[in-house]
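[1] one predicted model, sequence on top.
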Protein chains: 4
Amino acid sequence: MSGPAARRRARRHDPGRRDRLIDAALAVIAERGVAGTTHREIARAADVPLGSMTYHFSSLEEVLAEAFTRHADAVARVFDERLSTARDRDEAAEAVVTLVSDSLLGSPADLVLSVELYVAAARNPALRAVTQAWMARSRRALERHFDPTTARELDALIEGLVLHSALSTDPMTPEQIRHAVLRYLR
Amino acid sequence: MSGPAARRRARRHDPGRRDRLIDAALAVIAERGVAGTTHREIARAADVPLGSMTYHFSSLEEVLAEAFTRHADAVARVFDERLSTARDRDEAAEAVVTLVSDSLLGSPADLVLSVELYVAAARNPALRAVTQAWMARSRRALERHFDPTTARELDALIEGLVLHSALSTDPMTPEQIRHAVLRYLR
Amino acid sequence: MSGPAARRRARRHDPGRRDRLIDAALAVIAERGVAGTTHREIARAADVPLGSMTYHFSSLEEVLAEAFTRHADAVARVFDERLSTARDRDEAAEAVVTLVSDSLLGSPADLVLSVELYVAAARNPALRAVTQAWMARSRRALERHFDPTTARELDALIEGLVLHSALSTDPMTPEQIRHAVLRYLR
Amino acid sequence: MSGPAARRRARRHDPGRRDRLIDAALAVIAERGVAGTTHREIARAADVPLGSMTYHFSSLEEVLAEAFTRHADAVARVFDERLSTARDRDEAAEAVVTLVSDSLLGSPADLVLSVELYVAAARNPALRAVTQAWMARSRRALERHFDPTTARELDALIEGLVLHSALSTDPMTPEQIRHAVLRYLR
DNA sequence: AATGAATGAGGATTCATTCAT
DNA sequence: AATGAATGAATCCTCATTCAT
C-alpha cells in the first residue's frame, strides 16, 4: 500500500489546465475519432478528474469546437508560412508538395483528424464555421501565387491527395505527390 | 379495447427484412452520421422491432459493414458503367465530369455518406477492406482509359473535388468541375 | 461467499414490473419527496436494475405523472365511494369528516403526497392535468349533496384542514375536524 | 485585450451582499421551486461569484432556511398589521377577506412560495420550525378577534382557499373569497 | 423464427462543497 | 475578506446486447 500522500493526486493548483484539456481532446480525437471522444476519455488522457471537464467547458461540443479550431489554426499556420516563404510560382508548387508529403509522415490517426473535422462539421454548425474559415484561409494562402480558380482547384487536389493516402494501404511517396501536383500545375 | 393481435403490427413472415434493414441503416447513416446510428434508430427507420436487429445481424458493426458495402457497390457500379461506355479518352474525361457533377446533385446527406465511410474505415478494419476494394475498383475503371499513374492521380482529384464541394457552402458548379478535370488531363 | 446462484439476482421474467415501479415511485415520493425521487431511488425501492427504469418509462417526468395519476385516482375513488354511500346531507357531512380524519391517520409522509403533487404541478404541465382532473372529480362528488358554491368552498376547507394537520406538530383530532366541518355547514 | 481588472466585475466591498443573496434565493425559489434552487442559480440571480455563496452561508440548507424565514416574516407582518387595524370582529373578517384576495393578486410564482415552504418543511426540521412559528403567529393574530377554536379553523380555511386558488386554473374572485369566509364566520 | 423485456456499462451534465490563492 | 478553480458523487438517459418466451 502506498502512503497517504500518494493515495490521491492532490493536484489543486493547475494553471493552464483548460489548455491542456484542449490538447488532450485533440489527442483523443486523433486516436479514437470524434465518435470515441468523450468527457471521460479526454479527462483520462489529461489525467484530470471528470468533473474538471464540465467546469472548463460547458459542453462536449464546446470542447470539440475549441480543439478543432486549434488544429485548423496550427495546420493553417504552417500552410501560410510555407507559402509565404515561396518567392515564385515554382517555389510555391514545391511548397505544396512538401506540405502534402510532410502531412503524410505523421501518424495515420493524425491524418484523419481533418477528415474527422469535416464529418463532424457536416452535422455541427459550430464546427462548420471552423472548416469554412480554414478553407478560406488555405485558399487565400494559395492565391498569393495562383489565380483564384487555380487556387481552388489546387486546394481540392491537395485534399484528395491527402485523403487518398490517408486511407490507402500504400500511401503515395513524396515523389508521387510531386508528380501529381506538378502535372496539374504544368 | 382491441385485442393484442391488433395492438402491434404482426409482420410475421417478412422475407427481405434483412435487406430492408440494410437500406434503413444507410438512410440513418446519411441522416445522423455513423455516430448517431444505433440499433434502435435503424429499427425505427425500418419500422421493425428492436429485437429484430440482433436477430438478423450479430453486431452493429456487421450492419455498418454491410451497409457501407452496399453503398460502395452502388457508387462503384455507376462509376464502372459510365466509364465503360466511353469510347475514348475524351469521352472518359467527360464521363468523370458527369460523375462528379451528378454526385453533387444528390442530397447533402448522401454526399457525406462516403466521407462517413472513410472516417469509420480509419478505425475499423472490416470497413477498411470495403474502402480498399472500392478504391481498387475505381482505379481499375479509370485504367481502362488512362495509364496507372494518371488513374491514381485522377482518382485523388475526384475525391478532392467531391469532398470540397460536399463540405463547402458554395459547391462547385458542373462547369467548374469540368474545368478542373480537363485542366488536369490536358 | 455465497454460491453462484445467489450472487446475482437472475430475475428475468417479471410481468407487472412496470406496475410495481409506479408503486415504488409513490413510496419514494412519500418518503423522500418529489425532489428526492430519482431513477436510482425508485429502482432501489423496487429492487430492479437502474436500466429498467428508462426501459419502462421514457423519462422521470413520465414516472411522476403516472405515479401521481394513480395516487389521485386512489384518493378520488375513496372520496367518491364514501360520498356516494351517504344518503343525505348530514351523512355526507359525516363522510367528509371521516375522510379527513382517516387521511390524517396515515404516515405524515403520505399526507404530504398531495401537497407534493400540487407543487410539482405548479411547474409541470403534465401534472397540472392530473391535479385539475382530481379537483374536478372531488368537486363533482361533493356536488351530489351540496350546491356548487358550497361544494367548492367545502373542498377548500377540506384542503386546508388536511394541510394544516399535515404540517402541524399537533394535528387536529377527529373531533376537531368534525367541529370545523359542521360549523361551516351549519 | 482588456486587462484582468476589466475582465470581471470587481465588486470588492459589498456590504449587504448576504442580504441580497437571501432575496435572490427567494426569487429563485419562486421561479424554479426549491428543487431548482442551487448555489449556482442564486449566485447568478444576484450577479455574484459562486464562491460567495459558501462564503456567506455554510450550506444551501442555511440559505433556504433564511430565505423562507424572511418570506414567512414578511407575510406574517402584513397579516399582523391588517388584523391589528381591525376594531371588531366584522372588520377582522373583512381584513381576512382582503388578505386572501390580495395574496391571490400577486404573481402565481409568489403564491407557490408558501406551498414550496410547506413541502420543504415536511422533510427539513429547520424549516419546520419556520412554519410552526409562522402558523403560531397567524393564529395569535386571529385570536385578537376570535376564540382559539375559531382562529384555528379559520386559519385552516384561509390556507385551503389560498392553496386552491393558487393551483386552480380558475382562482376564486374576491367576491367568492368573501362569501366563503363570511359563511364560515356567520 | 421472432421479439419484447431486461440489464449493466457508459454517456453528458449538474452540483454542493472544498480549497489555494 | 473574497473568489476562481477544482472535484467526486450523483443525476438522467442511451444503448448494445442477452435472453425467456
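    Yep, that arrived. Numbering: from 1, shown residues only, chains lettered A, B, ... in the order given.
[2] what pLDDT is listed against residue A:9?
    pLDDT, residue A:9: 48.
[3] and residue A:102, how close does it get to DNA strand F?
    With distances taken as Cβ to the nearest atom of the strand, to the nearest Å, residue A:102 is found 35 Å from DNA strand F. (Glycine included, C-beta is placed from N, CA and C.)
[4] now residue A:85
    Relative to DNA strand F, and taking Cβ to the nearest atom of the strand, residue A:85 is found at 38 Å.
[5] so what's that residue closest to, chain neighbours aside?
    Residue nearest to residue A:85 in three dimensions, not counting chain neighbours: residue A:95, with 6.9 Å by Cβ to Cβ, 6 or more residues apart in numbering or on different chains.
[6] the one you found and residue D:121, how far apart?
    Applying Cβ to Cβ, to the nearest Å, the value for residue A:95 to residue D:121 is 74 Å.
[7] and if you look at residue A:181?
    Separation of residue A:181 from residue D:121 (Cβ to Cβ) stands at 77 Å.
[8] likewise residue A:105?
    69 Å.
[9] neighbour count for these two, which is higher?
    Higher neighbour count among residue A:105 and residue D:121: residue D:121, with 21 against 10, using other Cβ atoms under 10 Å in any protein chain shown.
[10] so the more buried one touches residue D:128, yeah?
    Yes: in terms of Cβ atoms under 8 Å, residue D:121 counts as a neighbour of residue D:128; the distance is 4.6 Å.
[11] now for those two: what residues contact both?
    residue C:167 (Cβ atoms under 8 Å, 6 or more residues apart in numbering or on different chains).
[12] show the backbone phi and psi for residue A:168.
    When quoted as degrees, to the nearest 10, the phi and psi of residue A:168 stand at phi -90, psi 150.
[13] just give the nearest non-adjacent residue to it, would you?
    Per Cβ to Cβ, 6+ apart, closest to residue A:168 is residue B:135, 6.6 Å.
[14] look at residue A:4 and report its pLDDT.
    For residue A:4, the pLDDT comes out at 35.
[15] quick one, phi/psi of the residue found closest to residue A:123 once you drop the neighbours it is linked to in the chain?
    Distances taken as Cβ to Cβ, 6+ apart put residue B:33 closest to residue A:123, at 5.5 Å, once the chain neighbours are dropped. Main-chain torsions, residue B:33, degrees, to the nearest 10: phi 80, psi 160.
[16] repeat that for residue A:169.
    Per-residue torsions, residue A:169: phi -80, psi -30 (degrees, to the nearest 10).
[17] following the host helix or strand of residue A:62, which helix or strand shows up next?
    If you go by DSSP states H and E, residue A:62 is part of helix A:60-85. For helix A:60-85, the following helix or strand on the C-terminal side (DSSP H and E) is helix A:89-103.
[18] as CSV, could you dump the C-alpha coordinates of that following helix?
    Listed next in CSV are the C-alpha coordinates belonging to helix A:89-103 (Å, rounded to 0.1, in the frame of the first residue of the first chain):
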residue,chain,number,x,y,z
ARG,A,89,5.1,30.0,-58.6
ASP,A,90,7.6,27.2,-58.8
GLU,A,91,8.7,27.6,-55.2
ALA,A,92,5.0,27.7,-54.3
ALA,A,93,4.4,24.5,-56.1
GLU,A,94,7.3,22.9,-54.3
ALA,A,95,6.0,24.2,-51.0
VAL,A,96,2.7,22.5,-51.7
VAL,A,97,4.4,19.2,-52.4
THR,A,98,6.4,19.5,-49.2
LEU,A,99,3.2,20.3,-47.2
VAL,A,100,1.3,17.3,-48.5
SER,A,101,4.3,15.0,-48.2
ASP,A,102,5.0,16.1,-44.7
SER,A,103,1.4,15.7,-43.6
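[19] need the contact partners of that helix.
    By Cβ under 8 Å, 6+ apart, helix A:89-103 touches A:75, A:78-79, A:82-83, A:85-86, A:111, A:142, A:144-146, A:154, A:158, A:161-162, A:174, A:177-178, A:181-182, A:185.
[20] same check, this time on stretch A:156-163
    With Cβ under 8 Å, 6+ apart, stretch A:156-163 has contacts from A:96, A:99-100, A:103-104, A:111, A:114-115, A:172, A:177, A:180-181, A:184, B:118, B:155-161, B:163-164, B:180, B:184.
[21] buried ones among the contacts of helix A:89-103?
    Among those, the ones that count as buried by 16 or more other Cβ atoms under 10 Å in any protein chain shown are A:75, A:79, A:82-83, A:86, A:111, A:142, A:145-146, A:154, A:158, A:161-162, A:177-178, A:181, A:185.
[22] by contact count, what packs against the host helix or strand of residue A:175?
    Following DSSP H and E, one finds residue A:175 within helix A:174-185. With contacts defined as 3 or more Cβ pairs under 8 Å, 6 or more residues apart in numbering or on different chains; DSSP states H and E, helix A:174-185 has these neighbours: helix A:89-103, helix A:148-167, helix B:148-167, helix B:174-185.
[23] put together a markdown table for the ones you listed, with mean pLDDT on each row.
    Below are the helices and strands packed on helix A:174-185 laid out as a markdown table (pLDDT from 0 to 100):
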| stretch | mean pLDDT |
| --- | --- |
| helix A:89-103 | 96 |
| helix A:148-167 | 93 |
| helix B:148-167 | 93 |
| helix B:174-185 | 96 |
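[24] and DNA strand E, which of the ones you listed is closest to it?
    Closest to DNA strand E of those is helix B:148-167 (Cβ to the nearest atom of the strand; 23.6 Å).
[25] in the closest one, what's buried?
    Buried, per 16+ other Cβ under 10 Å, within helix B:148-167: B:150-167.
[26] quick one: residue A:144 and DNA strand E, what's the gap?
    From residue A:144 to DNA strand E the distance is 40 Å (Cβ to the nearest atom of the strand).
[27] typed the wrong thing, it's residue A:52
    Noted for residue A:52: a distance of 8 Å to DNA strand E, by Cβ to the nearest atom of the strand.
[28] name the nearest residue to that residue, sequence neighbours excluded.
    The shortest distance from residue A:52 to any non-neighbouring residue, by Cβ to Cβ, 6+ apart, is to residue A:43 (6.4 Å).
[29] what about the one you found, how many residues nearby?
    20.
[30] got the contact list for the helix or strand in which it is found?
    Using DSSP H and E, residue A:43 sits in helix A:39-46. Outside helix A:39-46, the residues that touch it by Cβ under 8 Å, 6+ apart are A:17, A:20-21, A:23-25, A:27-28, A:32, A:49-50, A:52-54, A:60, A:63.
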